[in-house]
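Enquirer: okay, predicted coordinates and the sequence, questions at the end:
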Amino acid sequence: MCKNRCQWARDSFEAYQKYHDEEWGVPVHDDKVHFEFLILEGAQAGLSWSTVIKKREGYREAFADFEVEKVAAYDEQKKEELRSFEGIIRNKLKINSAVNNARLFIEVQKEFGSFSQYIWSFVNHEVIVGHWKSMREVPATTKESDALSKDLKKRGFKFVGSTIMYAHMQATGLVNDHTIDCDRYQQLLDSY
């Protein structure tokens, strides 16, 4: 439990604080987790992250606990069912993109051995550490997220703009953007 958190997680609901304290910024090398965040970050586009966190269990149910092969096999009937499932954000384009991205995710795994190997190559397999005093200083995109977004789009992925991919990089610990006054900033530095 953090005594001092990043501003965005200080006065929030318990699941949001738990996400900040236990997940956000922790380096991820598990493809299943990367696939989960690819779906969640795409779903978040235009909405608040807290909205997605509140629906996370619904996403686990709707997207086969983020088993990429199962999601890649979803057909039009399954996508239509998801559009009426209240546990997720029921945007047709976002649902279609999740299935499309699952199929392309598998192609990336085949090409690079794992999606993790692929995505970490954009940061030279090392965490980029921010030294931010406030969240106002944290960028929305970086040259690394620009390059990742461009490559994913070239491969046919959807909902992978640079801002979305930078949020993915923050969530999965490719970057440590906890502010320096946050307990997690130093805890994560000590864990590398």
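Expert: It's in.
Enquirer: use CA for all of it now, contacts and neighbours both
Expert: Will do.
Enquirer: residues touching residue 111, list them.
Expert: Contact analysis of residue 111 by C-alpha atoms under 8 Å, 6 or more residues apart in numbering lists nothing.
Enquirer: would you indicate which residues of the top helix by length along the chain are buried?
Expert: When the chain is parsed with DSSP state H, its longest helix is helix 92-112. Within helix 92-112, the residues that count as buried by 16 or more other C-alpha atoms under 10 Å are 94-106, 108.
Enquirer: for residue 176, grab phi and psi.
Expert: Here is the backbone geometry of residue 176 (degrees, to the nearest 10): phi -110, psi 100.
Enquirer: and it, what are its bridge partners?
Expert: Residues in a beta bridge with residue 176, per DSSP bridges, are residue 129.
Enquirer: surely it is in contact with residue 185?
Expert: Yes. Here residue 176 lies in contact with residue 185, judged by C-alpha atoms under 8 Å, at a distance of 7.1 Å.
Enquirer: between these two, which one's more packed in?
Expert: Per other C-alpha atoms under 10 Å, whichever of residue 176 and residue 185 has more neighbours is residue 176, with 25 against 21.
Enquirer: how much space separates that one from residue 40?
Expert: Distance, residue 176 to residue 40, by C-alpha to C-alpha, to the nearest Å: 19 Å.
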